[in-house]
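> sequence plus predicted model, see below.
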Amino acid sequence: MLVTISPSDGVQPSEVTDLSINSARNWCARLELGFEARAGHGTVLAHRRHEGPLRVQKALYPEGPEVCHALMLHPPAGIAGGDALSVQVRVGEGAKALITTPGAGKWYRSNGPLATQRLEFEVGRGGVFEWLPQESIVFDRVHGRTETVVRLAGDGVYIGLDLLCLGRTASGERLTRGLLRLASRIERDGRLIWSEQGLIEGGSRLLDSPVGLGGQPVTGSLLVASDGIDGSLLAACREIRPRVGEAAVTRLPGLLVARYLGPSAEAARAWFVAVWSVLRPALAGRPAEVPRIWHT
């Protein structure tokens, strides 16, 4: 089944108990990053710590010193059953940071053990954090859980993309078995502004139902938390239509939610980039520049 819970439901993301035993081949990886704004230097990557195969190589400045870009690397290229990944990012007051990935992520098939990914982001007053990973491919017979927690202070801005491809569609694979649990939560000054949980289950009737995913293999969300989202910005985003598939944009108090459902990851990414290109100048004070790694 597929379950989506809206912010008004007031349901908190819950933990999933896993009783399986991890093998010695499983990866437990942790990455901590801290970005700070420094006079005369713009934003710098002031703190970097990693355990296991999860890291960034160096800070990049394709837009100049004000925005620090980081390329997050996971050499195993995906998350397998029993793996546990944790990413913690803190963007300090007035700092601006963007993190992306060099290619599509993967949730591999599992023989039973649960794979987990936990993302924790903190953004200080006047800070801007853009989490723009490339799409994640969900293999048949996956067994995973991913959770994202965002904590904002004052007028901090968060822009986060989550794009899923259900099955390796190029080889005709569909999601016939397995499950992937999803949870996201956004707080501003300790006050909950967004909470959502989902369950994508292989073989579920909702994968093909018109009230579910309608048989489409690609789904994604762009969450934008900012108090600067007005009616004109919403209208400009709604004017943008994807090349194929369906899309919608909704404004909630202090939040904009953009959704895509369709057959193509490329079309989905192009639509999200177009929406981001409208939002970024207004909310982050910068023109949109697509990360160079997306073109390789």
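Received it, and whenever you're ready, just let me know what you need.

> parallel or antiparallel, which strands does the host helix or strand of Thr116 pair with?
Using DSSP states H and E, the element containing Thr116 is strand 115-123. Strand 115-123 pairs in its sheet with strand 84-91 (parallel), strand 142-152 (parallel), by DSSP bridges.

> okay, now the unreliable bits of the stretch 1-150 of the chain?
Applying pLDDT under 70 to the stretch 1-150 of the chain flags residues 1-25.

> apply 80 and report the result again.
Along the stretch 1-150 of the chain, segments meeting pLDDT under 80 span 1-27, 75-77.

> what's the average pLDDT for the lengthiest helix in the chain?
In the chain, taking DSSP state H as the definition, the longest helix is helix 265-284. Averaging pLDDT along helix 265-284 gives 96.

> the helices in this protein, which residues?
Ranges of helices within the chain are 231-238, 265-284, based on DSSP H.

> returning to what we had before: could I get the strands paired with strand 115-123 as TSV with mean neighbour count?
Yep, even glycine has a C-beta here, placed from its N, CA and C like the rest. Output for those, formatted as TSV (neighbours: other C-beta atoms under 10 Å):
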stretch	mean neighbour count
strand 84-91	21
strand 142-152	22
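
> now these in JSON lines, with distance to Ser136?
Output for the strands paired with strand 115-123, formatted as JSON lines (distance: least, C-beta to C-beta, whole Å):
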{"stretch": "strand 84-91", "distance to Ser136": "12"}
{"stretch": "strand 142-152", "distance to Ser136": "8"}
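
> nearest to Glu130, of those?
In terms of C-beta to C-beta, the element of those nearest to Glu130 is strand 84-91, at 9.6 Å.

> how close does the residue lying farthest from the centre of the chain sit to Glu66?
Within the chain, Gly40 marks the point farthest from the mean C-alpha position, 31.2 Å out by C-alpha atoms, centre = their mean. From Gly40 over to Glu66 the distance is 12 Å, taken as C-beta to C-beta, to the nearest Å.

> ok, the residue nearest the centre of the chain - contacts?
Centroid-nearest residue in the chain: Asp162, 3.5 Å away (criterion: C-alpha atoms, centre = their mean). Neighbouring residues of Asp162 by C-beta atoms under 8 Å, 6 or more residues apart in numbering: 136, 148, 182, 184, 220-223.
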